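Chemist: sequence and predicted structure below; questions after.
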Amino acid sequence: MAVRSGGDYRESLAAMSPLVYLDGRVESVPDHPAFTGIIDSYADLYDMQGDDRLAFEEDGSRYAMSFLVPRTQDDLVRRRTAARLWAEYSGGMLGRTGDFLNAALTAFSQAGSWFADADAQFEKNMAAYVTWVRENDILLTSTVGSPQANRSVSAAEQGGGETTLRVVSQDSDGIVVSGARMVATNAPIANEILVMPQTVLRPGLDDMPYSFAFAVPADIEGLTLICRRPLRHGNSVVDEPLAARFEEIDAVCVFTQVRVPWDRVFLLGHPAKSNGMLTQTGATALMAHQSVTRTTVKTEFYAGLLSEMAEAIGIDRYDHVRDDLAQALVAVQMGKSALRAAEADGAVNEYGFFQPDMAPLAAVRNWFPRYFQTLPEKVRKFGASGLTALPYESDTRGELEADIDRYLQGRNVPGHERVHLFNLGFDAAVSSFAGRQALYEYYFHGDPLPMSAAYLTAADTSAHRQIVAKILGRGR
Amino acid sequence: MSRAGDDDRGAVRDGFVAQLSERADPRPLPVPSERERLRTAFSRFPTGVCVVTFEADGVKRGITVNSFTSVSFDPALLLVSIQRSASSHDLVIDRPFAVNVLGSSQERVAWSFAGRPNDVPVWVEGERAPRLAGVLAWFECTPWAAYDGGDHTLVLGEIQSFRSRRGDPLGFNGARFTEISETVLGREHLV
């Protein structure tokens, strides 16, 4: 089947029956108002795959570009172009589009020897799984984080060892897991859930039951998805331009004696190795290449939004506004430059695929989560009280139309158009949807403080210090 | 492959497993051996880290140990337990030796005498045995007795000279090096 259409995607969801709770049991995910907007958007993304920039041909079949194994710098450009087209669709608001985890699977499919180093069977399992996902254009999400009962002790010790997802038994059919993972964004509308090891596991017996990687169908027996409250209010796409279409619901995953067949187990019983599953296989680099593409588009979205708002209300001549706009444009160039640098300085890795250079991507991963927080702030500054004068779409028509077009007009737009634009500003900077986006970006790669610490630990400052040492006239 | 579920969701399909032509062989978690379980249980008891140092045939040697015990004040005795399979085991028995208590910054010194030699350790000439620089405490000993301890030998030394200073010790807990902080700061009695 290879690349699928929006219709194929909808059919796949209709055939599933995940156990989803959202203010009570959700009988049908595709029919629930919390999911209709996001399912429509994902269906649009799949429909876009008719575009040759989003798919590649191999042995007569077309596959999602996110499965293209990069052999050259040009292949990375093709991957980025595809990721960019999907990101543009939502202004970078969709963080769990299939291309993100497909990047990881692409790396896993090549890094067979890494899995074989644990056991040849794991290499086979992973290869078969990636082939199946690729052939069927399956939508994956992943689970992140263990229960936060007590942050001062390790994962294995949470709740007396009874809360963290772990292997509770095993037999000839597979492993049986119980416990919870805190976040699986999009799980109710995904086909499959990838469950990766949680860092950091220690060698020795204690962390053995936690050292696994597997994938399960989102509707596997024993898995309960507990959703957070939706952030859209069920209004029109004019009232809620982002929330109505791009809300990826986060869900807590509770595994109760879930039986995972051996075919779906990619790693088991190698706690020390588990920690390196993403970085050592090159998955981190391919995923970062996708996510930096997305966050760069997101910065472009905010730069565009700020420009539109500044022009609409005639503040685009003020120096402080121009300074803010210039900074956003600079940030766009930082993201674009990092991507080009990562591609240009990429190299064929030990698994034979062309891996982007991690250094510029790592820099963006450390910078963007904090920088992003300033973008909604600029939107609030530009829009000011205009972001509170936002009537319903229905009220901008009919008997109030003349009043609204007169009193809410911008410099060059009638009132209803200004309201539409500022609704977008509201959803990008003020609404609950905006708040969740800020949280999402801040923690997308992990807690920024440990991220910084790891970044510094891995950094080689010797060349910088050499400059200082030379000026001080001392040898090192 | 369909599997009938007991709940009201009915049959749950697994598309991936259904299309496999060959099923995966089980690769279960290994059942830990009695020895591994005992080693893990022993590791629950946190200890400091010492290096037993001595000179044999003109070569300075060291063995990193975490089984160190004070034994007696009069006479002044200490005990270290040396694994019989250690390459220096036969050499250290019946020789003067020093016990060096490592500080928290000396993890690499510990590794150096635990199978991963490096150039970090700095030797100090002792009166009876070579010692290590930068340690929190050292004890120079002459052999007092050696007892059979199964696959270890319990070596008792009579302390001939020693020094110590305060500082954060290197610790060993759960089969990992750790830092044991002096609990001084923040523990003042406020009046």
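Modeler: Yep, that arrived. Residues are numbered from 1 along each chain as shown, chains lettered A, B, ... in the order given.
Chemist: remind me which residues of the chain are low pLDDT?
Modeler: In the absence of a named chain, this looks at chain A. A:1, A:151-152, A:154-157, A:199, A:475-476 (pLDDT under 70).
Chemist: you answered for a different chain; I wanted chain B.
Modeler: B:1-12, B:183-191.
Chemist: if we use 90, what do you get?
Modeler: Applying pLDDT under 90 to chain B flags residues B:1-13, B:87-88, B:93-94, B:166-167, B:174-176, B:180-191.
Chemist: is there a neighbour count for B:Ser164? I'd like the number.
Modeler: Number of residues near B:Ser164 (other Cβ atoms under 10 Å in any protein chain shown) recorded here: 11. C-betas here are computed from N, CA, C, even on glycine.
Chemist: quick one, what contacts it?
Modeler: Residues near B:Ser164 by Cβ atoms under 8 Å, 6 or more residues apart in numbering or on different chains: B:Val101, B:Leu136, B:Ala137, B:Trp138.
Chemist: B:Glu179 pairs with what?
Modeler: Applying DSSP bridges to B:Glu179 yields these beta-bridge partners: B:Leu170.
Chemist: tell me which stretches of the chain form strands.
Modeler: All of this is about chain A. According to DSSP state E, chain A carries its strands in the segments A:19-21, A:55-58, A:61-64, A:140-142, A:166-170, A:174-185, A:192-195, A:212-217, A:223-227, A:250-261, A:265-268, A:347-348, A:354-355.
Chemist: wrong chain, I was asking about chain B
Modeler: Using DSSP E, strands in chain B cover B:2-3, B:12-13, B:47-48, B:50-56, B:59-65, B:68-72, B:77-83, B:97-101, B:123-124, B:131-132, B:137-149, B:152-164, B:170-173, B:176-179.
Chemist: end-to-end on stretch A:153-168?
Modeler: Taking Cα to Cα, to the nearest Å, stretch A:153-168 runs 21 Å from one end to the other.
Chemist: if we can go back for a sec, adding distance to B:Phe54 and mean neighbour count, write the strands of chain A out as TSV.
Modeler: Shown next, in TSV, are these (distance: least, Cβ to Cβ, whole Å; neighbours: other Cβ atoms under 10 Å in any protein chain shown):
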stretch	distance to B:Phe54	mean neighbour count
strand A:19-21	66	21
strand A:55-58	66	16
strand A:61-64	66	18
strand A:140-142	54	22
strand A:166-170	46	19
strand A:174-185	50	21
strand A:192-195	52	24
strand A:212-217	46	24
strand A:223-227	60	19
strand A:250-261	54	21
strand A:265-268	44	26
strand A:347-348	49	10
strand A:354-355	50	22
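Chemist: out of those strands, flag the one nearest A:Arg134.
Modeler: Among the strands of chain A, the nearest to A:Arg134 by Cβ to Cβ is strand A:61-64 (5.7 Å).
Chemist: quick one: strands adjacent to the closest one?
Modeler: Under the criterion DSSP bridges, strand A:61-64 sits next to strand A:55-58 (antiparallel) in its sheet.
Chemist: burial measure for A:Thr279, as a count.
Modeler: The burial count for A:Thr279: 12, using other Cβ under 10 Å.
Chemist: against A:Leu305, how distant is it?
Modeler: Distance from A:Thr279 to A:Leu305, counting by Cβ to Cβ, to the nearest Å: 35 Å.
Chemist: coming back round to it: tabulate the strands of chain A (TSV), appending distance to A:Val419.
Modeler: Converted to TSV, those look like this (distance: least, Cβ to Cβ, whole Å):
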stretch	distance to A:Val419
strand A:19-21	34
strand A:55-58	38
strand A:61-64	38
strand A:140-142	35
strand A:166-170	52
strand A:174-185	30
strand A:192-195	40
strand A:212-217	43
strand A:223-227	30
strand A:250-261	29
strand A:265-268	50
strand A:347-348	51
strand A:354-355	47
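Chemist: which residues of chain A lie near chain B?
Modeler: A:15, A:17, A:19, A:119, A:121-122, A:124-125, A:128-129, A:132, A:136, A:167, A:170, A:172, A:174-175, A:192, A:202-206, A:208-209, A:215, A:217, A:219-221, A:261-265, A:268-269 (Cβ under 8 Å from any Cβ of the partner chain).
Chemist: remind me, longest helix of chain B?
Modeler: Criterion DSSP state H: the longest helix present in chain B is helix B:34-42.
Chemist: do that helix and chain A meet?
Modeler: Yes. Contact of helix B:34-42 with chain A (Cβ under 8 Å from any Cβ) involves B:Glu36, B:Arg37, B:Thr40.
Chemist: what sits against the residue lying closest to A:Thr131 once chain neighbours are set aside?
Modeler: Distances taken as Cβ to Cβ, 6 or more residues apart in numbering or on different chains place A:Ser109 nearest to A:Thr131, at 7.7 Å, with adjacent residues excluded. A:Ser109 makes contact with A:Val69, A:Met126, A:Ala127, A:Val130, A:Thr131 under the criterion Cβ under 8 Å, 6+ apart.
Chemist: repeat the analysis, applying 7 Å as the threshold.
Modeler: A:Met126, A:Ala127, A:Val130 (Cβ atoms under 7 Å, 6 or more residues apart in numbering or on different chains).
Chemist: how near is A:Arg436 to A:Tyr442?
Modeler: 11 Å.
Chemist: show me which of these two is the more surrounded one.
Modeler: In terms of neighbours (other Cβ under 10 Å), A:Arg436 is the more surrounded of A:Arg436 and A:Tyr442; the figures are 18 against 15.
Chemist: ok, that one - contacts?
Modeler: Neighbours of A:Arg436 in contact, by Cβ under 7 Å, 6+ apart: A:Leu231.
Chemist: give me that answer again for 10 Å
Modeler: A:Met93, A:Arg228, A:Leu231, A:Ala243, A:Glu247, A:Glu248, A:Ile249, A:Asp250 (Cβ atoms under 10 Å, 6 or more residues apart in numbering or on different chains).
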